[in-house]
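1. 3D model of this:
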Amino acid sequence: MATIKVVLRKKANKDGTYPLAIRITKDRKTSFIHLGYNLKPEEWIEAEQRVKSSHPNSKRLNNFILAKKAAASDKSLEAETLKDEVSVRAIKQKIKPKGGATYFAQAAIYLQRMQDAGNFNCYNADKARVKYFREFLNGSDIAFSDINVGLIERFKVHLKSERKLSDRTIANYLMVIRAVFNQAIKEGALDQKYYPFGNSTEKIAIKLPETTKRGLSAEDVAKLEAVELDNPKWDDARNKWLTSFYFAGMRISDVLRLKWSDFQNNRLYYTMGKNNKSGSLIVPDKAWQILQKYEHLKTSEDDFIFADLKGIDLKDTFKIKEEIFLAVNRCNKLLTEYITPVAKIEGKLTTHIARHTFATLAGDKVPIQMLQKLYRHSDVRTTIGYQSAFIYKDADEALKAVIG
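-> The predicted structure is shown next:
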């Protein structure tokens, strides 16, 4: 059983006062939580853990001390009830969780951790979602206990009616709110009873709507390959898209990371950025033709093929992901606003569509186990689920059988 006591710390401040703190002791290990007040030794009765009546604010301070000690004892008992082997550090965390018990204080920690981990894309998207939620609340912070089902439902309506967001985007906003709740519970800042999410009728269930995945047709791909593009920036954007497509729908972030050293003996050896899975692919002739356009820019075998990440500190993960984000946006702007009309492409042309296009044209022609290997999926069920979005043969034949 942990012991809770209010004490003056032994190290004095410059003005001769000593910090007032809660001392937690268990298994001969001690931790302190400062209470934000400082006293002189002659103003404190150690045996009774109270301020002497001669202090001008003794009554208020003693009431404060009693309340803090009682709350700390309750939290300590709660922690030890839930788990027999609980450390003094865990008890301290239960009494004084990181970030406090308000939503946006925890959200700031959530975003900072994401930034520290170098996750630019998630940080950039979730920062905006936290900002919009705060604007919905008129800029004020809010206790977790006040974020209930009714408030979240009103926020959903606001996003749908005022911001005209899709159901999928709204789900992303709710997932951020849920993530901050989960963090607060994990940190001990929030009791599970205030958690508004779940599958019961009294909770908020986050359901991701199904989306239709569409790739380009073979005719559109041929148009993109054949169109004359005199503008070097347009040609560069086209080359990145085709490189992604030629390498089985390689993610654009991995395309931008390609180095000359990744190519050996007519094969590409690379590690996928999303899941760190390595693999190798033969280099198609069409892909070699694109690579040769950039060979005159090569400064070394470790040089990037495409210029977007050249000169960036490779140890700065956050900066690299930020540059990739900006490069993808530039590329997509060129693909959609300039190349699509010039090439007379009918489908939607973005960097991510290259992956969908490979899946569309693979259809049911390529064995699912081979597609699993190409996509670097850990579970074949993931491949089956992804690929099924691009196979319409059975449904088409059924429709023809009935309609004719």
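2. Every contact and neighbour count from this point should use C-alpha atoms.
-> Noted.
3. pLDDT below threshold where in the stretch 1-150 of the chain?
-> 78-101 (pLDDT under 70).
4. What of the stretch 151-300 of the chain?
-> Scanning the stretch 151-300 of the chain for pLDDT under 70 picks out the ranges 212, 274-275.
5. Which stretches in it count as helices?
-> Using DSSP state H, counting those that start in this stretch, the helices of the stretch 151-300 of the chain run over residues 167-187, 218-226, 232-246, 252-256, 285-292.
6. of all these, which lies closest to Lys10?
-> When the helices of the stretch 151-300 of the chain are compared by C-alpha to C-alpha, helix 167-187 sits nearest Lys10, at 28.8 Å.
7. roughly how far apart are Gly279 and Gly249?
-> 14 Å (C-alpha to C-alpha, to the nearest Å).
8. Now stretch 34-42: buried residues?
-> 34, 38-40 (16 or more other C-alpha atoms under 10 Å).
9. on that earlier part again, reformat the helices of the stretch 151-300 of the chain as TSV; add distance to Phe304 and mean neighbour count.
-> Shown next, in TSV, are the helices of the stretch 151-300 of the chain (distance: least, C-alpha to C-alpha, whole Å; neighbours: other C-alpha atoms under 10 Å):
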stretch	distance to Phe304	mean neighbour count
helix 167-187	33	18
helix 218-226	23	15
helix 232-246	13	20
helix 252-256	8	20
helix 285-292	11	13
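10. Looking at the ones you listed, which is nearest to Glu46?
-> With C-alpha to C-alpha as the measure, helix 167-187 is the member of the helices of the stretch 151-300 of the chain nearest Glu46 (31.7 Å).
11. With just CA atoms, put the closest one into PDB.
-> C-alpha atoms of helix 167-187 as PDB (Å, rounded to 0.1, in the frame of the first residue of the first chain):
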ATOM      1  CA  ASP A 167     -18.900  10.800 -44.800                       C
ATOM      2  CA  ARG A 168     -15.400   9.400 -45.100                       C
ATOM      3  CA  THR A 169     -13.800  12.800 -44.200                       C
ATOM      4  CA  ILE A 170     -16.200  13.200 -41.300                       C
ATOM      5  CA  ALA A 171     -15.100   9.700 -40.000                       C
ATOM      6  CA  ASN A 172     -11.500  11.000 -40.100                       C
ATOM      7  CA  TYR A 173     -12.400  13.900 -37.800                       C
ATOM      8  CA  LEU A 174     -14.100  11.600 -35.300                       C
ATOM      9  CA  MET A 175     -11.200   9.200 -35.300                       C
ATOM     10  CA  VAL A 176      -8.900  12.100 -34.200                       C
ATOM     11  CA  ILE A 177     -11.300  12.900 -31.300                       C
ATOM     12  CA  ARG A 178     -11.300   9.200 -30.400                       C
ATOM     13  CA  ALA A 179      -7.500   9.000 -30.600                       C
ATOM     14  CA  VAL A 180      -7.200  11.900 -28.100                       C
ATOM     15  CA  PHE A 181      -9.700  10.200 -25.800                       C
ATOM     16  CA  ASN A 182      -7.700   6.900 -26.000                       C
ATOM     17  CA  GLN A 183      -4.500   8.800 -25.200                       C
ATOM     18  CA  ALA A 184      -6.100  10.500 -22.200                       C
ATOM     19  CA  ILE A 185      -7.300   7.200 -20.800                       C
ATOM     20  CA  LYS A 186      -3.900   5.600 -21.300                       C
ATOM     21  CA  GLU A 187      -2.200   8.600 -19.500                       C
END
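12. And that helix, what does it pack against?
-> Here helix 167-187 touches helix 103-116, helix 120-136, helix 149-161, going by 3 or more C-alpha pairs under 8 Å, 6 or more residues apart in numbering; DSSP states H and E.
13. so how far is the longest one off the chain centroid?
-> Per C-alpha atoms, centre = their mean, to the nearest Å, the displacement of helix 120-136 from the mean C-alpha position of its chain is 11 Å.
14. CA-only coordinates of it in PDB, if you can.
-> C-alpha atoms of helix 120-136 as PDB (Å, rounded to 0.1, in the frame of the first residue of the first chain):
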ATOM      1  CA  PHE A 120       4.200  14.700 -41.200                       C
ATOM      2  CA  ASN A 121       1.200  13.500 -43.200                       C
ATOM      3  CA  CYS A 122      -0.800  12.500 -40.100                       C
ATOM      4  CA  TYR A 123       0.400  15.600 -38.200                       C
ATOM      5  CA  ASN A 124      -0.600  17.900 -41.000                       C
ATOM      6  CA  ALA A 125      -4.000  16.400 -41.400                       C
ATOM      7  CA  ASP A 126      -4.900  15.900 -37.700                       C
ATOM      8  CA  LYS A 127      -3.700  19.400 -36.800                       C
ATOM      9  CA  ALA A 128      -6.300  20.900 -39.100                       C
ATOM     10  CA  ARG A 129      -9.000  18.500 -37.700                       C
ATOM     11  CA  VAL A 130      -8.100  19.500 -34.100                       C
ATOM     12  CA  LYS A 131      -8.300  23.200 -35.200                       C
ATOM     13  CA  TYR A 132     -11.700  22.800 -36.800                       C
ATOM     14  CA  PHE A 133     -13.100  21.000 -33.700                       C
ATOM     15  CA  ARG A 134     -11.900  23.900 -31.500                       C
ATOM     16  CA  GLU A 135     -13.500  26.400 -33.900                       C
ATOM     17  CA  PHE A 136     -16.700  24.500 -33.600                       C
END
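15. Many thanks, have a good one.
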